[in-house]
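>>> Task: produce atomic coordinates for the following.
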Amino acid sequence: MLFDSVTVENFKKLAYDKGYRWKMMLVINKMSDEAGEEEEKIANYRYSLTEALKPFSLDEFPVCFIDAKDYCDGIDENDDFLLEISRFETFIAALNTFIESRGSLAKFDTPVRIALKFVEDAQLIFISNSTGNATFFEVANRLSRTIRKERDRLRTKVKGISL
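Okay, here's the model as predicted:
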């Protein structure tokens, strides 16, 4: 099914709104379930994914097309043909490249997110201890975060359009 309307919206929310796209890889499984030539199926799937992700670009994500069942059966039966058509070797290579290219960034992501959470908590504590209107400061803080998110989303759209 690739992306239905709910899945694609959730994917976009995680990738773009939450900022996780650099941590994501698309893996399309069960390639043997569909009839047709492999390269034609891949081209059709790429087109469908590209259309579903608009206005964003599929090129931002590593994409692999595999059949895990064929791979498992190939291992169990020691069948080189099933191993080959599973395309699992290309997946493993892409996964290793993905990990290598993003590994150093991943080391910093969690600490940065934890630090940002502490900053937000500190802001809330400061606001609640201030003599001013705490509700006003909370609403202002939320609006500020929303504006930052929208600014980042706009940057992403502009980059997508320019690409």
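>>> which residues in the protein form helices?
Ranges of helices in the chain, per DSSP state H, are 5-12, 38-53, 68-77, 80-85, 88-129, 134-162.
>>> Rebuild these as JSON lines, extending it with mean pLDDT and distance to Met31.
Every residue, glycine included, has its C-beta placed from N, CA and C. Shown next, in JSON lines, are the helices of the chain (pLDDT from 0 to 100; distance: least, C-beta to C-beta, whole Å):
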{"stretch": "helix 5-12", "mean pLDDT": "89", "distance to Met31": "18"}
{"stretch": "helix 38-53", "mean pLDDT": "89", "distance to Met31": "7"}
{"stretch": "helix 68-77", "mean pLDDT": "92", "distance to Met31": "8"}
{"stretch": "helix 80-85", "mean pLDDT": "90", "distance to Met31": "8"}
{"stretch": "helix 88-129", "mean pLDDT": "77", "distance to Met31": "11"}
{"stretch": "helix 134-162", "mean pLDDT": "75", "distance to Met31": "28"}
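>>> now those helices as JSON lines including distance to Arg21 and mean neighbour count?
JSON lines is the format used below for those (distance: least, C-beta to C-beta, whole Å; neighbours: other C-beta atoms under 10 Å):
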{"stretch": "helix 5-12", "distance to Arg21": "9", "mean neighbour count": "13"}
{"stretch": "helix 38-53", "distance to Arg21": "10", "mean neighbour count": "14"}
{"stretch": "helix 68-77", "distance to Arg21": "24", "mean neighbour count": "15"}
{"stretch": "helix 80-85", "distance to Arg21": "30", "mean neighbour count": "14"}
{"stretch": "helix 88-129", "distance to Arg21": "11", "mean neighbour count": "12"}
{"stretch": "helix 134-162", "distance to Arg21": "9", "mean neighbour count": "12"}
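>>> For these, could you give me CSV that also reports distance to Lys23?
Output for the helices of the chain, formatted as CSV (distance: least, C-beta to C-beta, whole Å):
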stretch, distance to Lys23
helix 5-12, 12
helix 38-53, 16
helix 68-77, 21
helix 80-85, 29
helix 88-129, 7
helix 134-162, 15
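>>> Which one of those helices lies nearest to Leu26?
Between Leu26 and those, the shortest gap by C-beta to C-beta is with helix 38-53, which sits at 7.0 Å.
>>> And the closest one, what does it pack against?
helix 5-12, strand 26-28, strand 63-65 (3 or more C-beta pairs under 8 Å, 6 or more residues apart in numbering; DSSP states H and E).
>>> who does the second one pair up with?
In other words, strand 26-28. strand 63-65 (parallel) (DSSP bridges).
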